[in-house]
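1. predicted model, plus sequence, below.
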Amino acid sequence: MRNRKWNWRHLLCLSVFLALAGAAAAHGQSGGFTEFIYPVEKLKPTDSVPTLKVGDVAPDFTLPAVEGGKVSLRQYAGKKNVVISFVPAAWTPVCSAQWPGYNIAKGLFDKHDAILLGITVDNIPTLYAWTKQMCGPSEKLWFPVLSDFYPHGAVASKYGVLRSEGVSERALFIINKKGVITYIDVHDINERPLLDDLAKALERVNRQ
């Protein structure tokens with residue numbers, strides 16, 4: 001059983017890598033998504049003051065979504081486990097690879113009855129253009145992308161992941177159906193969190 005689980009995780013990571021490589025090649029042929037990625041220098045790994053811990057009730061929020069309307073955390077209470085993915089900014093290198101990886105790994109979230117909410121401090125027009133270019137003309141992200149632009153970074157601040165320069169940390173929160181935080185990863189902002197770590201954390205949610 002252990003060997004099958006190990007193989008599944010490696011195959012998932014491999015499929016994400018290959019799909020991202022293919023997507024990058026496709027974008028290169030169709031206009032060059034990568035040409036518009038802003039080169040970011042290496043930043044201080046973390047730059048925020050934690051306000052939440054595992055076991056806390058997750059603060060509720062309501063934010064506008066790129067696809068229209070608004071999304072609230074409370075609408076998933078009792079229905080779905082929630083993964084919140086804070087990323088610093090649109091059109092930056094690591095962010096532009098992280099979310100396509102989650103898009104390809106939708107089956108992982110479905111398996112654990114989880115919804116993903118992507119949040120940045122960018123405004124809606126910026127996020128609209130970025131996500132359209134990220135996926136190409138014929139696809140879209142399966143998960144809601146939310147704007148924490150105004151009041152600027154209010155939700156990131158509430159979750160203790162707003163950096164001093166006004167962007168959010170690269171952070172993941174898992175919230176169970178009872179609204180309790182079961183996992184926090186405030187990651188090195190310069191690196192993409194490992195999908196395998198998130199998979200392990202999701203496996204534990206329904207056992208808690």
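-> Sure thing, it's come through.
2. pLDDT weak spots in this protein?
-> 1-32, 137-138, 208 (pLDDT under 70).
3. which strand residues bridge residue 146?
-> residue 65, residue 119 (DSSP bridges).
4. ok, it - contacts?
-> 63, 64, 65, 66, 71, 117, 118, 119, 120 (C-beta atoms under 8 Å, 6 or more residues apart in numbering). Using the backbone N, CA and C atoms, a C-beta is placed for each residue, glycine as well.
5. same question for residue 116.
-> 82, 83, 84, 85, 102, 109, 143.
6. one step back: check the contacts of residue 146 and tell me the two furthest apart.
-> Taking C-beta to C-beta as the measure, the contacts of residue 146 span a maximum distance of 13.8 Å, between 71 and 120.
7. more neighbours: which of the two?
-> Neighbour totals were compared for residue 71 and residue 120, and residue 120 leads with 26 against 18 (other C-beta atoms under 10 Å).
8. could you double-check that that one lies in contact with residue 91?
-> No - counting by C-beta atoms under 8 Å, residue 120 sits too far from residue 91 to count as a contact (10.3 Å).
9. ramachandran angles for residue 87?
-> phi -130, psi 150 (degrees, to the nearest 10).
10. who are the contact partners of the closest residue to it other than its chain neighbours?
-> Spatially, and ignoring its direct neighbours in sequence, residue 87 is nearest to residue 95 (4.2 Å; C-beta to C-beta, 6 or more residues apart in numbering). By C-beta under 8 Å, 6+ apart, the residues touching residue 95 are 87, 88, 89, 120, 170.
11. just send the contacts of residue 146 back as TSV, with distance to residue 190 too.
-> Below are these laid out as TSV (distance: C-beta to C-beta, whole Å):
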residue	distance to residue 190
63	26
64	28
65	28
66	25
71	28
117	23
118	19
119	19
120	16
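12. related to what we said a few turns ago, may I have the phi/psi pair for the residue nearest to residue 87?
-> Residue 95 adopts backbone torsions of phi -60, psi -40, taken as degrees, to the nearest 10.
13. how near is it to residue 45?
-> With distances taken as C-beta to C-beta, to the nearest Å, residue 95 is found 15 Å from residue 45.
14. next: residue 173.
-> Taking C-beta to C-beta, one finds residue 173 at 18 Å from residue 45.
15. still on that earlier bit, tell me the one among the contacts of residue 146 nearest to residue 55.
-> The closest of those, once distances to residue 55 are taken by C-beta to C-beta, is residue 117, at 20.3 Å.
16. can you map out the helices along this protein?
-> With DSSP state H as the criterion, the chain has helices at 2-30, 95-104, 106-111, 124-135, 154-158, 195-205.
17. buried set for the fourth one?
-> The reference is to helix 124-135. 124, 126, 127, 128, 130, 131, 133, 134, 135 (16 or more other C-beta atoms under 10 Å).
18. now the third one
-> The neighbour-count check on helix 106-111 (16+ other C-beta under 10 Å) flags 108, 109 as buried.
19. sounds good, over and out.
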